[in-house]
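Chemist: quick one, structure for this:
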Amino acid sequence: MKLNFTNNNLLIALYFIMFAVHFLLWQCLGIGFETTLIRYYFFLTILFMMVLTIVSIFKKIYPEYLGFVFLGLVMFKLAMVFIIRKKLNITEIPNYKFHFILPYLFSLFLETVFTVNMIRSADKKDPEKDEKNQ
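Modeler: As a prediction, the model looks like this:
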């Protein structure tokens, strides 16, 4: 079965499914610190939606610079995660690296797929670009 990642709603649904699975696993393991997990996911969701929105806006304004915009947003997101890590006291949770890095990487994967789809659709709509390259 091949998943079609061109639908943006599917990417957002996969993100929230990841949260639900992670939260259920968290409850089954009885780790505690549920408020920290929920606050982290709330923050990660804001960053995830911010990246999707800004990439969509820049696709309409400057489609040729979409890759650079994405790279800048990834750097901004990483900096924000390092800043918020201190405020959430994530290091108090046992095996915190596995619990907080994997959701970050999965959201980064979904953002990358979204951006690649945007770049491909921008290239298909711009036939002048093909003529310039030849």
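
Chemist: mind listing what's buried along the helix or strand where residue 87 lies?
Modeler: For residue 87, the element it lies in under DSSP states H and E is helix 66-88. Judged by neighbour count using 16 or more other CB atoms under 10 Å, the buried positions of helix 66-88 are 66, 69, 70, 73, 77, 81, 88. Any C-beta I mention is one placed from the backbone N, CA and C, and that applies to glycine too.

Chemist: minimum pLDDT in those, which residue is that?
Modeler: Model confidence across the buried residues of helix 66-88 bottoms out at residue 88, which has 79.

Chemist: which residues touch that one?
Modeler: With contact taken as CB atoms under 8 Å, 6 or more residues apart in numbering, residue 88 is in contact with 36, 39, 40, 43.

Chemist: before we move on, back to that, from the chain's centre, how far out does the helix holding residue 87 sit?
Modeler: Offset of helix 66-88 from its chain centre (CA atoms, centre = their mean, to the nearest Å): 10 Å.

Chemist: give me the PyMOL select line for the contacts of residue 88, limited to the buried ones.
Modeler: This is the PyMOL syntax for the buried subset of these, where burial follows 16+ other CB under 10 Å:
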select buried, resi 36+40
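
Chemist: what about the contacts of residue 88, which are in helices?
Modeler: The helices, defined by DSSP state H, take in 36, 39, 40, 43 from the contacts of residue 88.

Chemist: for residue 123, see how far away the first one is.
Modeler: Taking CB to CB, to the nearest Å as the criterion, residue 36 is separated from residue 123 by 42 Å.

Chemist: what does the third one give?
Modeler: Using CB to CB, residue 40 is found at 36 Å from residue 123.
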